[in-house]
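A.B. asks: Output the structure for:
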Amino acid sequence: MTNPAEAPKTRLVTCPACGGASLYSPANPWRPFCSERCKQQDLGAWASEDFRMPADVPPDDAPHGDPRTKN
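C.D. replies: Modelled structure (predicted):
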């Protein structure tokens with residue numbers, strides 16, 4: 001059983017934005033980021049859709065449907 005008076009353990013993690021060390025604990029309001037600046041940069045990247053999954057788009061000259069049938 002854990003003692004409620006014990007402080008939660010802290011650990012250092014890698015900041016996802018800059019790659020620097022970041023304190024991962026309730027004492028860091030920007031966790032997992034190391035600073036407000038890194039958190040805002042990441043938010044801006046999401047807002048501008050910099051994080052996208054690649055889509056498999058057929059080339060423009062690809063035939064549509066079965067070429068043996070008339071559309």
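A.B. asks: C-alpha coordinates for the helix-or-strand element of the chain with minimal mean pLDDT, PDB please?
C.D. replies: Lowest by mean pLDDT, DSSP states H and E among the helices and strands of the chain is helix 36-47, with a mean of 92. Only the C-alpha atoms of helix 36-47 are listed here, as PDB (Å, rounded to 0.1, in the frame of the first residue of the first chain):
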ATOM      1  CA  GLU A  36       5.400  26.500 -22.800                       C
ATOM      2  CA  ARG A  37       7.300  27.400 -26.000                       C
ATOM      3  CA  CYS A  38       7.700  23.700 -27.100                       C
ATOM      4  CA  LYS A  39       4.000  23.000 -26.200                       C
ATOM      5  CA  GLN A  40       2.900  26.000 -28.300                       C
ATOM      6  CA  GLN A  41       5.100  25.000 -31.300                       C
ATOM      7  CA  ASP A  42       3.500  21.500 -31.200                       C
ATOM      8  CA  LEU A  43       0.000  23.000 -31.000                       C
ATOM      9  CA  GLY A  44       0.800  25.300 -34.000                       C
ATOM     10  CA  ALA A  45       2.000  22.300 -36.000                       C
ATOM     11  CA  TRP A  46      -1.300  20.500 -35.400                       C
ATOM     12  CA  ALA A  47      -3.300  23.600 -36.200                       C
END
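A.B. asks: in it, what counts as buried?
C.D. replies: Neighbour-count burial for helix 36-47 flags Cys38, Lys39, Asp42 (criterion: 16 or more other Cβ atoms under 10 Å). For the C-beta atoms, the positions are set from N, CA and C on the backbone; glycine is no exception.
A.B. asks: now what about that helix, what contacts it?
C.D. replies: Cys15, Pro16, Ala17, Cys18, Trp30, Phe33, Phe51 (Cβ atoms under 8 Å, 6 or more residues apart in numbering).
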